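# the amino acid sequence is not available; the structure is as follows:
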Ligand SMILES: [Zn+2]
């Protein structure tokens, strides 16, 4: 494999899993033909022998490859109450004062900064996407419409000074060069400041077979072990780590400058120990995951094939469901997808070109078998399906394939 590790630069990378080829999974298109013609991309998971960073070896410049297909979609995080709790605990733990500056990297529409602003602190968002950056500015949140790079760092320092708190929620996995990203955050940090990062935690996600978090947006899959190495490479020190439940398993990491005298929390060594126990740095862990997913896909294809006279429809239309359809090789048997996301309705899924309809149109009457593609949200979606009057059988594909009867 001619590729070097995103954190430590080592070329000692082991192939962990070669996943099904798939177009960029969030590109739901206006016509079936366009959706079916999207170029497929490889998706390869590799494990660094030196720092244990799990990463994909493809670096897709989505804008370049897909410029003609791209459209602007609004981002809904659905994490509002978690961020509110996080804001409260960070403000208390760090004893933030009203004169302090709080920066959010990848600030989207500025929602995450509002609680800090309302508490009287100075806030600044850094957001590369134009539309959310404009929404944020309209809401009175100072925002730099840019990626985090040398220019935006210099602009920040010149206009706002250093920050007591720099946040990055669900963006660290997406950056091509995590070391440069963390160095840039450090450059904006006060000597006694803190960097707060929330990111997906595959150690927990993969334990429930949530493989469909692996996609071309997520270049790095951090562990506490690899985060320690990332900190060292970026002039930082990892001083806190806590598992959180969101997105099937996430982790909240706190970093301070390497010169900080704050003693790292004992949770760090405990989590590193736990990562050893679950085999986070062992290739066999990922081979076993791939085997479990292949087994589940066989079972699902059997369940779908058992009643060939029934039309099969899917619930869920997202980047994750695109990956599930391709990895399970079930897209061509799917007549329609149902979802509540207004950005997807009336569009066609990447690759298979399956039309997306509003979830409220999922009615009984016609004999159909439903596959719950967005299985991570089973509880919410099964309730929602009942509330629109759906009765019948639903295949839940993961963590382990099973059938739920509604009505
Ligand atoms: Zn490495």
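Looks like it arrived, so ask away. Being a predicted model, the structure only gives us computed values, none of them experimental.

# from the chain's centroid, how far away is the helix or strand harbouring residue 338?
Taking DSSP states H and E as the criterion, residue 338 maps to strand 336-339. Offset of strand 336-339 from its chain centre (Cα atoms, centre = their mean, to the nearest Å): 22 Å.

# counting contacts, what elements does it pack onto?
Secondary-structure packing of strand 336-339 (3 or more Cβ pairs under 8 Å, 6 or more residues apart in numbering; DSSP states H and E): strand 311-315, strand 356-358. Using the backbone N, CA and C atoms, a C-beta is placed for each residue, glycine as well.

# quick check: next helix or strand after the first one?
Toward the C-terminal end, the helix or strand that comes next after strand 311-315 (DSSP H and E) is helix 319-327.

# what's that following helix in contact with?
With contacts defined as Cβ atoms under 8 Å, 6 or more residues apart in numbering, helix 319-327 is touched by 19-23, 25-26, 43, 211-215, 217, 293, 297, 314, 331, 334, 337, 349-352, 354, 373-374, 376, 397-398.

# just the residues you listed: which are in helices?
Among the contacts of helix 319-327, DSSP state H puts 293, 297 in helices.

# now the residue lying closest to residue 100 once chain neighbours are set aside, what are its backbone angles?
Spatial nearest neighbour of residue 100, excluding adjacent residues (Cβ to Cβ, 6 or more residues apart in numbering): residue 164 at 3.9 Å. Dihedral angles phi and psi of residue 164 (degrees, to the nearest 10) take the values phi -80, psi -30.

# okay, the residue in the stretch 301-407 of the chain positioned nearest to the ion: pLDDT?
The ion sits closest to residue 323 of the stretch 301-407 of the chain, with a gap of 24.7 Å, by Cβ to the ion. If you check residue 323, the pLDDT there is 98.

# so who does the nearest residue in space to it that is not next to it in sequence touch?
Spatial nearest neighbour of residue 323, excluding adjacent residues (Cβ to Cβ, 6+ apart): residue 212 at 4.7 Å. Residues in contact with residue 212, defined by Cβ under 8 Å, 6+ apart, are 320-321, 323-324, 327, 376, 398.

# farthest-separated two in these?
Distance extremes for those: the farthest pair is 327 and 376 at 14.7 Å, using Cβ to Cβ.

# for the ion, what's its nearest residue on the stretch 51-200 of the chain.
Counting by Cβ to the ion, the stretch 51-200 of the chain gets nearest to the ion through residue 51 (3.3 Å).

# now do the contacts for the residue nearest to residue 100.
Here residue 164 is in contact with 94, 96-97, 100-102, 190, 192-194 (Cβ under 8 Å, 6+ apart).

# residues from the stretch 1-150 of the chain in reach of the ion?
For the stretch 1-150 of the chain, the contact set with the ion under Cβ under 5 Å from the ion comprises 5, 7-8, 10, 48, 50-51, 53.

# show me where pLDDT drops low in the stretch 251-400 of the chain?
By pLDDT under 70, the low-scoring segments of the stretch 251-400 of the chain are 364-367.

# nearest residue to residue 147 other than its sequence neighbours?
residue 128 (4.6 Å).

# what residues are up against that neighbour?
106, 145-147.

# measure it to residue 152 for me?
Here the criterion is Cβ to Cβ, to the nearest Å. By it, residue 128 lies 9 Å from residue 152.

# how about residue 205: what's its closest non-neighbour residue?
Closest residue in space to residue 205, ignoring its immediate chain neighbours: residue 249 at 4.2 Å, by Cβ to Cβ, 6+ apart.

# which phi and psi does the one you found have?
phi 140, psi 120.

# pLDDT at it, what is it?
So residue 249 comes in at 93 (pLDDT).

# ok, now residue 64?
Looking at residue 64, its pLDDT reads 62.

# going forward can the numbers begin at 169, since that is how I track them
Sure, I'll start counting at 169 from here, so that last one is residue 232.

# give the other helices and strands that whichever strand or helix holds residue 443 contacts.
For residue 443, the enclosing helix or strand under DSSP H and E is helix 435-445. Packing partners of helix 435-445 (3+ Cβ pairs under 8 Å, 6+ apart): helix 392-401, strand 404-412.
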